[in-house]
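Enquirer: dropping a prediction and its sequence here:
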Amino acid sequence: MNSSALIHAVVDGVLTGSVYALMATGLTLIFGVMDIINLAQGILVILGAYLSYTLSVHFGVDLFVGLVFTIPILFVVGIVIERLFVARLKGPERTAMSILVTYAVSLVIEGILNEVYSVNQVQLQAWYVDRSFPIFGVYLPYIYLLGFILAASMLGALYFMLYRTRFGASIRASLSDQTSAALVGIDTKRVATICFGIGVAVTAAGGMIYGATNAFNASSSYDLISRLLTIIVLGGMGSLGGALVAGIMMVLLQDIVAVVWSPVWSSMTFFVVLVIVLSLRPQGLFGKLSARVA
Amino acid sequence: MKKYGNLWRTLGVTSVAASTVLMLANSSGAVAKSHALAPIKIGISLSLSGDFSADGTAFDQGYNLWAADVNAHGGLLGHKVVLDVVSDASSPTQVVTNYQKLVTNDHVALTFGPFSSLLSLPAAKIDARYGYAMIEGAGGAPSVFQQGLHNLFDVSLPVKDDLLPFAQWISALPASKRPTTAAYVTTNDAFTQPQIPVAQNIMHAAGIKTVYNSVFPSETTDYTPIADAVAAAKAQVVVLGSVDVPTVSSFMQAFEQAHYTPKVFIATGGPDQGTQFTKAVGLGNANGMMVPNAWYGGATTPGSKAMVAEYVKKYGGTAATVSADVAEAYSVGQIAAQAVKATGGFNNAKIIKYLHSGVVLTSVQGPVKFDALGENNQATAFTFQWQGSNFVQVNPVSSAASKPVLFPKPAWKS
Amino acid sequence: MNVKQLPWWATALVVFAAFPLVVTNPFWTTIAIFALIYMSCATSWNMFSGYSGYVSLGSAIFYGCGAYTMALGSIHWHIPGGAEQFWLVPLSGLVAMVIAVPLGAVALRVRRHTFVVITIAFFFVFQLAAINANFTGGPAGLSLALIPWQGNSFNTPFYYVGLAILVFAVILSALVRRSRFGLQLLAIRDDEDRALGLGVKVKAVKLTGYTLSAFTVGMCGALYAMFIGQIYPQFVFDPVFDVTVALMAFLGGFGTLLGPLLGGLILESSQQYLTVTYSNGSLYLILFGALFLVVVLFMPQGIVVKVKEMWAKHQLNKTPQLEGSTLAGSQKV
């Protein structure tokens, strides 16, 4: 066991974890406001990554500059999915049905991505993806730091919007109780649609960082969505802070296990921890027990 | 693919069945009248979608290239060859349905193998049930042969021997130049895992210490922690068990980021993928990368140059971009054709007996001779290396075609 | 299933039993065996998830455990390839049940939405363990002994064992539905807190349902392993299986008896047939997803309920014209 490898794993884990936290925040926001589990979040991350890929390879747009285009595009994609499919779901089995509908949406997107980009894996390229700088005796690729800054600033902006704006207040009202929110005159339908758009829009940034640090194709989405779901359940479904803490914790733990013990068991740790936490705290780390009783 | 499907439907099952019977009856007599006889069908299931689709497509090209060649030269015993290709979406469940269909519904005369060891085994079991020979080009994992299927023949190199010439080369270096430490890291895969201990044992015996040894799950996408651990171990030789380009390129990238250049870096799969590899990592970084294989676009084995030329004419690209998969599939066709000619017909029992007889056959990948398990024990393993913009053969050292190894590997440069 | 419907069920059984006698081509019976397997799994998935509303996306755990029990049992007890192996099928079901007890005990502590995710997590734990453990043969999987049966009659025993499992699953599901236990499951689906308040032992009821449904799925996994003769961890612990089984039940009719049967029959046979006939996998994904969307959005309760509704409407529309007097008469009463 080598201490520099451990330091490296810790640094990597915290930085990558923040990106997962960002993607999971979008997912948990959607669930919290709408009681919708968006299984398409994984493939939307991949869509975001492919959009960045197209912009950088065919138009020479820098990955970070490209976000100016991809974030609005995915916001619109989110709105369209919500209006066309999710908003139609009604009745007591709404949440279960939302799993099916968003899964179907993700199948369609997966098929389209396979047709357009083929199944050969690609990775996003830029100078900051290859180069690294020394810190704590290890070399850290710039992309990890930049990804962390991006994720942190987007999370910051999201929190600012939620806690310092009028619209954010109506979202938070919907988060804690939809019926009461509707009673005090909040247009919960509009809030839901925009929330879905925001929850999906963060995948543009998440996807770009994911695509720059992993080789990916459309089927990478299965791995992603299972991780994101695990994170939001661990953090407590609907809890924004929970998604943040759980995201960083999970990736950190996984990286440490890979270095200290064996990479073979590292992804398993992810799920074992979830099972242990849930058997002790069924509502997740930060979930409220009373809320969201189905 | 559609093209063949329509053709089949128009032919009709009964006429084909009848003509097969007729063919078997006349097989010794009425030969060599080119195309005067009914066409014969060869059934193949390939992964045209799913995890193995990149290789499945290359196999499809190889098989088609072979069929076109045979038909241009009068077909098999005068029968035009028609390929009946169905897709299995890389699933063993589907592959079972597919070979069942090829044999009992489409009444094909011969069957060729699917891509990858995972699918070859269930498919060969179906074939065994009906007495069909399963001649395949990609399914050389040791687990395939342990089953003792009498009808299974792999024309390619048994994968466990892939790293032999490499390990022998490095062990034979003069002590002053020979590296002293090595890292072995492999994906958890039936194709790569058996190769590692073979190399490790030889290198260990030569005094090369193992400083890192690890297996990572095949579904890994973020290789950074593993690559960092290898870099931290500062091994002089890295033996990477990989099946595709992204795995190798991720390790190379992480090594570069960690400012770590091993003296020797060999990966079991990925660097052999031609431009797909160099595009992913850049020519500068590809320089010095090594890969074991049985064939490459520049091979001088009989028929190889002609096949490559036809490939380039039909599908574009250059000799360096031709995947070894194409040669593996093409070889399957060649071996089948030789067996058909030697046995004078399409009787699978006779073909199986002939292939087990110890006869030495030829293919674009070199000589083929099957042992009792159906492994090709005549195949030679080679090691290839990227040197500048060229992909050259460097091992075995004894081969006249081998160029000197670029050693130590130059530093990374983007 | 009520008494009036019995003749229909009996007819269906006769048709299924006669199928391999009429259609002898092993290509079709192969597809039929896979369809039987999926129909059984969808039926038993529905018996717990459909009745209780707890959607499980981890049924492949039991399928995989069943398959490994069959493979490991045959190998370690040196059972020669052949009919003797069928004895391992019920054993595999039992093993799956035993595994289901602790899993259910943990997973059922949480409410519905979380339950979905925790079953996915459990699933990955099992899949990763199967890939990485030593006794499972790792990624190279396990090979069962060759069965020395002749090609054209090879499928017949598998077909009838598959049919027996299906009949068992349907009867079990029907009995549960008609029992007090089944009513308790339905009560949990409608309002768990109220069911608890009314004295339903919700924990015990849920765990019993979960465990029972594992039995059939385990048997199906064993049959699959024996039929293919070769198992790989990523294909017996397959996330697509998890989703497919749930989808079949939803497509046919969530919580109904007939729904999962129809869903399984239609989806599995069409998927097998379409894949072998049309080779473009990505196009298939798009079509499949689109079809799936249409069904979920326009027939949210599944084919069975939709057809019943349409039939009822149709009856209602024609009744006044044809039997107007009777209707009027009955209204007087």
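Expert: Now that the structure is in, tell me what you want to look at. Numbers count the residues shown, from 1 in each chain, chains lettered A, B, ... in the order given.

Enquirer: now the helices: where do they sit in the stretch 51-200 of chain C?
Expert: Taking DSSP state H, counting those that start in this stretch to define them, one finds helices in the stretch 51-200 of chain C at C:51-52, C:60-76, C:88-107, C:112-132, C:155-178, C:180-190, C:192-197.

Enquirer: export these as CSV, with columns for mean neighbour count and distance to chain A.
Expert: From N, CA and C alone the C-beta is placed, and that goes for glycine too. Converted to CSV, the helices of the stretch 51-200 of chain C look like this (neighbours: other CB atoms under 10 Å in any protein chain shown; distance: least, CB to the nearest CB, whole Å):
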stretch, mean neighbour count, distance to chain A
helix C:51-52, 26, 11
helix C:60-76, 25, 12
helix C:88-107, 20, 5
helix C:112-132, 23, 4
helix C:155-178, 20, 18
helix C:180-190, 18, 8
helix C:192-197, 14, 7
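
Enquirer: need the longest helix for chain C.
Expert: helix C:202-228 (DSSP state H).

Enquirer: anything in it near chain B?
Expert: Yes - Helix C:202-228 is in contact with chain B by CB under 8 Å from any CB of the partner chain, via C:224, C:227-228.

Enquirer: what about residue B:300, distance to residue B:399?
Expert: Distance of residue B:300 to residue B:399, computed by CB to CB, to the nearest Å: 10 Å.

Enquirer: neighbour count winner among those two?
Expert: Counted by other CB atoms under 10 Å in any protein chain shown, residue B:300 and residue B:399 do not tie: residue B:399 has more neighbours, with 13 against 9.

Enquirer: quick check on the closest residue to that one other than its chain neighbours: phi, psi?
Expert: Computed as CB to CB, 6 or more residues apart in numbering or on different chains, the closest residue to residue B:399 that is not its neighbour in sequence is residue B:393, at 7.0 Å. Residue B:393 adopts backbone torsions of phi -80, psi 130, taken as degrees, to the nearest 10.

Enquirer: bridged to residue B:393, which residues?
Expert: Beta-bridge pairing of residue B:393 under DSSP bridges involves residue B:384.

Enquirer: and for residue B:362?
Expert: Beta-bridge partners for residue B:362, by DSSP bridges, are residue B:367.

Enquirer: I figured it hits residue B:334, correct?
Expert: Yes - between residue B:362 and residue B:334 there is a contact at 7.1 Å, judged by CB atoms under 8 Å.

Enquirer: overlap in contacts of these two?
Expert: Residues touching both residue B:362 and residue B:334 comprise residue B:303, with contact defined as CB atoms under 8 Å, 6 or more residues apart in numbering or on different chains.

Enquirer: A strand includes residue B:82, no?
Expert: Yes - using DSSP: H, G, I helix; E, B strand; the rest coil, the assignment for residue B:82 is a strand.

Enquirer: how close does it get to chain C?
Expert: 16 Å (CB to the nearest CB, to the nearest Å).

Enquirer: how about the nearest residue to that residue, chain neighbours excluded?
Expert: Excluding the flanking residues, the one nearest residue B:82 by CB to CB, 6+ apart is residue B:39, at 4.8 Å.

Enquirer: residue A:281 now?
Expert: Nearest non-adjacent residue to residue A:281, counting by CB to CB, 6+ apart: residue A:287, 7.8 Å away.

Enquirer: what sits against the one you found?
Expert: Shown in contact with residue A:287 (CB under 8 Å, 6+ apart): A:235-239, A:242, A:281.

Enquirer: what about the stretch 1-150 of chain C, any weak spots by pLDDT?
Expert: C:1-2 (pLDDT under 70).

Enquirer: ok, now the stretch 251-400 of chain B?
Expert: Short version for the stretch 251-400 of chain B, where the test is pLDDT under 70: none.

Enquirer: for it, which residue gets nearest to chain A?
Expert: Minimum separation of the stretch 251-400 of chain B from chain A (CB to the nearest CB) falls at residue B:257, amounting to 4.1 Å.

Enquirer: surely that residue meets residue A:132?
Expert: Yes - Residue B:257 is in contact with residue A:132 according to CB under 8 Å; the separation is 4.1 Å.

Enquirer: what do those two both touch?
Expert: Common neighbours of residue B:257 and residue A:132, counting by CB under 8 Å, 6+ apart, are A:139-141.

Enquirer: not counting its neighbours along the chain, what's nearest residue 146?
Expert: Just so you know, I chose chain A. residue A:128 (5.9 Å).

Enquirer: I was after chain B.
Expert: Spatially, and ignoring its direct neighbours in sequence, residue B:146 is nearest to residue C:143 (6.9 Å; CB to CB, 6+ apart).

Enquirer: what's the burial count for the residue of the stretch 151-294 of chain A at minimum distance from chain B?
Expert: The minimum distance from the stretch 151-294 of chain A to chain B, using CB to the nearest CB, falls at residue A:215 (3.2 Å). Residue A:215: 23 surrounding residues under other CB under 10 Å.

Enquirer: got phi/psi on it?
Expert: Backbone torsions of residue A:215, given as degrees, to the nearest 10, read phi -80, psi 140.

Enquirer: which non-adjacent residue is nearest it?
Expert: Spatially, and ignoring its direct neighbours in sequence, residue A:215 is nearest to residue B:246 (3.2 Å; CB to CB, 6+ apart).

Enquirer: check contacts around that neighbour.
Expert: A:121, A:123, A:215, B:270, B:280.

Enquirer: my guess is the second one contacts residue A:220. True?
Expert: Same thing as residue A:123. No - Residue A:123 is beyond contact range of residue A:220, at 11.0 Å (criterion: CB under 8 Å).

Enquirer: okay, and the common contacts of those two?
Expert: Listed contacts common to residue A:123 and residue A:220 are residue A:214; contacts here mean CB under 8 Å, 6+ apart.

Enquirer: need phi/psi at the residue nearest to residue C:304 when sequence neighbours are not counted.
Expert: Using CB to CB, 6+ apart and skipping the chain neighbours, the partner closest in space to residue C:304 is residue C:253 (3.5 Å). Main-chain dihedrals, residue C:253, degrees, to the nearest 10: phi 150, psi 100.

Enquirer: distance of residue C:253 relative to residue C:263?
Expert: Using CB to CB, residue C:253 is found at 8 Å from residue C:263.

Enquirer: around chain B, which positions in the stretch 1-150 of chain A sit nearby?
Expert: Residues of the stretch 1-150 of chain A found near chain B (CB under 8 Å from any CB) are A:2, A:4-5, A:8-9, A:12, A:16, A:114, A:119-121, A:123, A:127, A:129-132, A:138-141.

Enquirer: filter these down to just the ones in helices.
Expert: Judged by DSSP H, helices contain the following of the residues of the stretch 1-150 of chain A next to chain B: A:4-5, A:8-9, A:12, A:16, A:114, A:127, A:129-130.

Enquirer: restrict these to those near chain C?
Expert: Among those, the residues lying close to chain C (CB under 8 Å from any CB) are residue A:114.

Enquirer: now for the ones in helices among the residues of the stretch 1-150 of chain A next to chain B: which two are most distant?
Expert: Distance extremes for these: the farthest pair is A:4 and A:114 at 40.1 Å, using CB to CB.

Enquirer: neighbour count winner among those two?
Expert: Neighbours around residue A:4 and residue A:114, counted as other CB under 10 Å, are more numerous at residue A:114. The numbers are 22 against 16.

Enquirer: excluding chain neighbours, what is closest to that one?
Expert: Setting aside the residues directly before and after it, residue A:114 is nearest to residue C:282 in space (CB to CB, 6+ apart), at 3.8 Å.

Enquirer: could you export the helix or strand harbouring that neighbour as CSV, CA atoms only?
Expert: Take DSSP states H and E as the rule and residue C:282 turns out to sit in helix C:281-298. Output of helix C:281-298 as CSV, limited to C-alpha atoms (Å, rounded to 0.1, in the frame of the first residue of the first chain):
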residue,chain,number,x,y,z
GLY,C,281,-30.4,-3.5,-32.7
SER,C,282,-30.5,0.3,-32.3
LEU,C,283,-33.6,0.7,-34.4
TYR,C,284,-35.2,-2.0,-32.4
LEU,C,285,-34.5,-0.1,-29.2
ILE,C,286,-36.2,3.0,-30.6
LEU,C,287,-39.3,1.1,-31.7
PHE,C,288,-39.5,-0.8,-28.5
GLY,C,289,-39.2,2.3,-26.4
ALA,C,290,-41.8,4.1,-28.4
LEU,C,291,-44.2,1.2,-28.2
PHE,C,292,-43.6,1.0,-24.5
LEU,C,293,-44.4,4.8,-24.2
VAL,C,294,-47.6,4.4,-26.1
VAL,C,295,-48.7,1.5,-23.9
VAL,C,296,-47.9,3.2,-20.6
LEU,C,297,-49.5,6.5,-21.6
PHE,C,298,-52.6,5.3,-23.4
